[in-house]
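Asks: Quick one: sequence and predicted model below, then my questions.
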Amino acid sequence: MTKILIADDHKLFREGLKALIEKNPEMQVIAEAGDGRTAVKLARELKPDVVFMDISMPGLNGIEATRQIISEVPSVKIIALSMYSNKNFVVEVIKAGASGYILKDCPFTELIDAINSVARNKTYLSDLVTDVVVKNFIRGSGKEESIFGVLTSREKEVLQLIAEGKNTKEIASILYLSTKTVETYRKRIMIKLNIFNIAGLTKYAIKEGITPV
(Lines give C-alpha, C1' and ligand atoms only; values in the text may rest on other atoms or scores of the structure.)
Protein backbone atom coordinates (compact mmCIF):
# COMPACT_ATOMS: atom_id res chain seq x y z
CA MET A 1 0.00 0.00 0.00
CA THR A 2 1.42 3.39 -1.03
CA LYS A 3 0.77 5.97 1.68
CA ILE A 4 0.19 9.49 0.34
CA LEU A 5 0.06 12.96 1.87
CA ILE A 6 -1.60 15.77 -0.10
CA ALA A 7 -0.42 19.34 0.60
CA ASP A 8 -2.42 22.06 -1.11
CA ASP A 9 -4.15 25.19 0.19
CA HIS A 10 -7.35 24.54 -1.78
CA LYS A 11 -9.62 22.11 0.07
CA LEU A 12 -11.71 21.30 -3.01
CA PHE A 13 -8.59 20.35 -4.97
CA ARG A 14 -7.33 18.15 -2.11
CA GLU A 15 -10.65 16.35 -1.84
CA GLY A 16 -10.86 15.79 -5.61
CA LEU A 17 -7.29 14.49 -5.77
CA LYS A 18 -7.90 12.19 -2.81
CA ALA A 19 -11.04 10.75 -4.41
CA LEU A 20 -9.16 10.01 -7.64
CA ILE A 21 -6.14 8.48 -5.91
CA GLU A 22 -8.21 6.20 -3.68
CA LYS A 23 -9.87 4.63 -6.71
CA ASN A 24 -6.62 2.69 -6.86
CA PRO A 25 -6.79 -0.06 -4.20
CA GLU A 26 -3.00 0.02 -3.77
CA MET A 27 -2.93 3.68 -2.74
CA GLN A 28 -4.19 5.45 0.38
CA VAL A 29 -4.28 9.14 1.28
CA ILE A 30 -3.29 9.15 4.95
CA ALA A 31 -3.39 12.92 5.55
CA GLU A 32 -3.96 16.36 4.04
CA ALA A 33 -2.27 19.71 4.72
CA GLY A 34 -3.45 23.20 3.81
CA ASP A 35 -0.07 24.90 4.23
CA GLY A 36 3.62 24.09 4.00
CA ARG A 37 4.37 24.12 7.71
CA THR A 38 1.60 21.58 8.42
CA ALA A 39 2.88 19.44 5.55
CA VAL A 40 6.34 19.31 7.15
CA LYS A 41 4.85 18.38 10.54
CA LEU A 42 2.66 15.61 9.09
CA ALA A 43 5.48 14.21 6.94
CA ARG A 44 7.72 14.08 10.01
CA GLU A 45 5.08 12.30 12.09
CA LEU A 46 3.48 9.97 9.52
CA LYS A 47 6.40 9.28 7.14
CA PRO A 48 4.28 8.84 3.98
CA ASP A 49 5.72 7.19 0.88
CA VAL A 50 4.72 10.07 -1.40
CA VAL A 51 3.83 13.72 -0.83
CA PHE A 52 1.97 15.76 -3.44
CA MET A 53 3.27 19.25 -2.75
CA ASP A 54 1.66 22.42 -4.06
CA ILE A 55 4.36 24.98 -4.86
CA SER A 56 2.43 28.06 -3.75
CA MET A 57 1.08 27.79 -0.19
CA PRO A 58 0.69 30.18 2.75
CA GLY A 59 3.00 30.14 5.77
CA LEU A 60 5.72 28.12 4.04
CA ASN A 61 5.83 27.61 0.28
CA GLY A 62 6.19 24.18 -1.30
CA ILE A 63 9.85 24.58 -2.23
CA GLU A 64 10.96 25.34 1.32
CA ALA A 65 8.60 22.70 2.73
CA THR A 66 10.16 20.16 0.36
CA ARG A 67 13.64 21.15 1.52
CA GLN A 68 12.68 20.65 5.17
CA ILE A 69 10.90 17.34 4.63
CA ILE A 70 13.78 15.82 2.66
CA SER A 71 16.20 16.99 5.33
CA GLU A 72 14.20 15.28 8.08
CA VAL A 73 12.65 12.31 6.25
CA PRO A 74 14.87 11.59 3.21
CA SER A 75 12.96 8.42 2.31
CA VAL A 76 9.85 10.44 1.34
CA LYS A 77 9.26 10.97 -2.39
CA ILE A 78 7.87 14.41 -3.18
CA ILE A 79 5.96 15.28 -6.35
CA ALA A 80 5.55 19.02 -6.84
CA LEU A 81 2.21 20.31 -8.12
CA SER A 82 1.72 23.64 -9.85
CA MET A 83 -0.41 25.48 -12.38
CA TYR A 84 2.82 26.87 -13.84
CA SER A 85 5.87 25.43 -15.61
CA ASN A 86 8.06 28.29 -14.35
CA LYS A 87 11.69 27.18 -14.78
CA ASN A 88 12.75 28.67 -11.43
CA PHE A 89 10.06 26.68 -9.63
CA VAL A 90 11.03 23.48 -11.42
CA VAL A 91 14.77 23.82 -10.91
CA GLU A 92 14.54 24.92 -7.27
CA VAL A 93 12.07 22.28 -6.11
CA ILE A 94 14.18 19.55 -7.75
CA LYS A 95 17.25 21.01 -6.04
CA ALA A 96 15.30 20.93 -2.78
CA GLY A 97 14.84 17.19 -3.20
CA ALA A 98 11.57 16.67 -5.08
CA SER A 99 11.39 13.55 -7.27
CA GLY A 100 8.80 14.92 -9.66
CA TYR A 101 6.97 17.96 -11.01
CA ILE A 102 3.55 17.77 -12.66
CA LEU A 103 1.02 20.36 -13.74
CA LYS A 104 -2.37 20.53 -12.07
CA ASP A 105 -4.23 20.23 -15.36
CA CYS A 106 -2.55 16.91 -16.25
CA PRO A 107 -4.70 13.80 -16.85
CA PHE A 108 -5.19 11.47 -13.92
CA THR A 109 -3.22 8.70 -15.67
CA GLU A 110 -0.15 10.93 -15.58
CA LEU A 111 -0.53 11.40 -11.86
CA ILE A 112 -0.47 7.61 -11.37
CA ASP A 113 2.54 7.35 -13.70
CA ALA A 114 4.31 9.93 -11.54
CA ILE A 115 3.62 7.98 -8.34
CA ASN A 116 4.86 4.74 -9.88
CA SER A 117 7.98 6.41 -11.29
CA VAL A 118 9.12 8.06 -8.06
CA ALA A 119 8.42 4.80 -6.20
CA ARG A 120 11.09 3.26 -8.47
CA ASN A 121 13.51 6.06 -7.54
CA LYS A 122 13.09 7.80 -10.89
CA THR A 123 12.42 11.50 -11.53
CA TYR A 124 9.13 12.33 -13.22
CA LEU A 125 8.48 15.59 -15.07
CA SER A 126 5.39 16.51 -17.11
CA ASP A 127 6.15 16.85 -20.82
CA LEU A 128 5.75 20.62 -20.81
CA VAL A 129 7.97 20.90 -17.74
CA THR A 130 10.64 18.76 -19.40
CA ASP A 131 10.49 21.02 -22.46
CA VAL A 132 11.03 24.12 -20.31
CA VAL A 133 13.99 22.56 -18.50
CA VAL A 134 15.64 21.33 -21.71
CA LYS A 135 15.24 24.68 -23.45
CA ASN A 136 16.66 26.46 -20.44
CA PHE A 137 19.64 24.08 -20.41
CA ILE A 138 20.30 24.55 -24.13
CA ARG A 139 20.09 28.33 -23.92
CA GLY A 140 22.18 28.42 -20.75
CA SER A 141 21.13 29.98 -17.50
CA GLY A 142 22.94 33.23 -18.27
CA LYS A 143 23.52 35.66 -15.44
CA GLU A 144 19.88 35.89 -14.44
CA GLU A 145 19.50 35.27 -10.73
CA SER A 146 16.21 34.71 -8.98
CA ILE A 147 15.25 35.21 -5.37
CA PHE A 148 15.90 31.50 -4.81
CA GLY A 149 19.64 32.01 -5.32
CA VAL A 150 19.88 35.38 -3.58
CA LEU A 151 18.30 34.55 -0.22
CA THR A 152 18.99 31.73 2.22
CA SER A 153 16.20 29.30 3.14
CA ARG A 154 15.61 31.08 6.47
CA GLU A 155 15.54 34.49 4.77
CA LYS A 156 12.92 33.20 2.33
CA GLU A 157 10.82 31.94 5.25
CA VAL A 158 11.03 35.35 6.93
CA LEU A 159 10.23 37.16 3.67
CA GLN A 160 7.14 35.03 3.08
CA LEU A 161 5.83 35.76 6.56
CA ILE A 162 6.53 39.49 6.14
CA ALA A 163 4.66 39.45 2.83
CA GLU A 164 1.72 37.70 4.50
CA GLY A 165 1.37 40.53 7.00
CA LYS A 166 3.03 39.01 10.06
CA ASN A 167 4.80 41.43 12.41
CA THR A 168 8.23 40.85 13.99
CA LYS A 169 6.82 39.30 17.18
CA GLU A 170 4.56 36.92 15.25
CA ILE A 171 7.40 35.83 12.96
CA ALA A 172 9.65 35.24 15.96
CA SER A 173 6.96 33.03 17.54
CA ILE A 174 6.33 31.02 14.36
CA LEU A 175 10.03 30.40 13.66
CA TYR A 176 11.12 30.07 17.32
CA LEU A 177 13.53 32.99 17.00
CA SER A 178 14.14 36.13 19.04
CA THR A 179 12.66 39.38 17.77
CA LYS A 180 16.21 40.74 17.44
CA THR A 181 17.13 37.85 15.14
CA VAL A 182 14.04 38.45 13.00
CA GLU A 183 14.97 42.13 12.69
CA THR A 184 18.45 41.10 11.57
CA TYR A 185 16.98 38.84 8.90
CA ARG A 186 14.65 41.63 7.76
CA LYS A 187 17.59 44.02 7.33
CA ARG A 188 19.62 41.42 5.41
CA ILE A 189 16.68 40.73 3.09
CA MET A 190 16.18 44.42 2.37
CA ILE A 191 19.87 44.94 1.64
CA LYS A 192 20.13 41.87 -0.61
CA LEU A 193 17.01 42.79 -2.59
CA ASN A 194 17.63 46.56 -2.45
CA ILE A 195 14.03 47.01 -1.30
CA PHE A 196 13.49 49.01 1.88
CA ASN A 197 9.75 48.97 2.54
CA ILE A 198 7.18 46.27 3.37
CA ALA A 199 4.97 47.02 0.37
CA GLY A 200 7.93 46.52 -1.96
CA LEU A 201 8.95 43.28 -0.26
CA THR A 202 5.39 41.98 -0.47
CA LYS A 203 5.09 42.80 -4.17
CA TYR A 204 8.44 41.14 -4.85
CA ALA A 205 7.58 37.99 -2.89
CA ILE A 206 4.32 37.57 -4.82
CA LYS A 207 6.01 38.18 -8.18
CA GLU A 208 8.69 35.57 -7.44
CA GLY A 209 6.19 32.99 -6.20
CA ILE A 210 7.48 32.95 -2.62
CA THR A 211 3.97 33.55 -1.34
CA PRO A 212 0.53 33.08 -2.97
CA VAL A 213 -1.42 36.13 -4.06
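Replies: Structure received.

Asks: In which helix or strand does the nearest residue to E170 once chain neighbours are set aside reside?
Replies: Leaving aside its sequence neighbours, E170 sits nearest to L161 (C-beta to C-beta, 6 or more residues apart in numbering; 7.4 Å). No exception for glycine: its C-beta is placed from N, CA and C like everyone else's. Under the criterion of DSSP states H and E, L161 resides in helix 153-163.

Asks: next one: M53
Replies: Going by DSSP H and E, M53 is in strand 50-54.

Asks: Can you list the strands that that strand pairs with?
Replies: strand 2-7 (parallel), strand 77-82 (parallel) (DSSP bridges).

Asks: what does the last one contact?
Replies: Residues from elsewhere that reach strand 77-82 (C-beta atoms under 8 Å, 6 or more residues apart in numbering): 8, 49-56, 62, 66, 69-70, 89-90, 93, 97-104, 114-115, 118-119, 124.

Asks: after it, next one along is what?
Replies: Next along from strand 77-82, by DSSP H and E: helix 87-95.

Asks: swap in the first one?
Replies: Note on strand 2-7: by DSSP H and E, the next helix or strand toward the C-terminus is helix 11-21.

Asks: could you give me the average pLDDT of that next one?
Replies: For helix 11-21, mean pLDDT rounds to 94.

Asks: Need the phi and psi values for the residue nearest the centre of the chain.
Replies: Residue closest to the average C-alpha location in the chain (C-alpha atoms, centre = their mean): G62, at 1.3 Å. Backbone geometry at G62, expressed as degrees, to the nearest 10, gives phi -60, psi -30.

Asks: Double-check the residue nearest to E170 against A172; I have them as touching.
Replies: No - using C-beta atoms under 8 Å, L161 is not in contact with A172, being 9.9 Å away.

Asks: Please say which of those two ends up with more neighbours.
Replies: Shown here are L161 and A172; by other C-beta atoms under 10 Å, L161 has more neighbours (24 against 19).

Asks: contacting residues around that one?
Replies: Here L161 is in contact with 59, 170-171, 174-175 (criterion: C-beta under 8 Å, 6+ apart).

Asks: Go through the residues you listed and say which is closest to R14.
Replies: G59 (15.8 Å; C-beta to C-beta).

Asks: Could you find the closest non-adjacent residue to the closest one?
Replies: Here the residue nearest G59, using C-beta to C-beta, 6+ apart, is D35, at 4.1 Å.

Asks: Pull the contacting residues for the one you found.
Replies: Taking C-beta under 8 Å, 6+ apart as the test, what D35 contacts is 7, 9, 57-60.

Asks: mind checking how far the helix of greatest length in the chain is from the chain centre?
Replies: In the chain, taking DSSP state H as the definition, the longest helix is helix 179-193. Averaging C-alpha positions (C-alpha atoms, centre = their mean, to the nearest Å) puts helix 179-193 22 Å from its chain's average.

Asks: model confidence over it, on average?
Replies: Averaging pLDDT residue by residue across helix 179-193 gives 96.

Asks: likewise stretch 24-34?
Replies: 95.

Asks: Quick one: low-confidence residue ranges for this structure.
Replies: The model of the chain has pLDDT under 70 over residues 136-148, 213.

Asks: Map the structural domains onto the sequence of it.
Replies: 2-139, 147-207 (automatic domain parsing).
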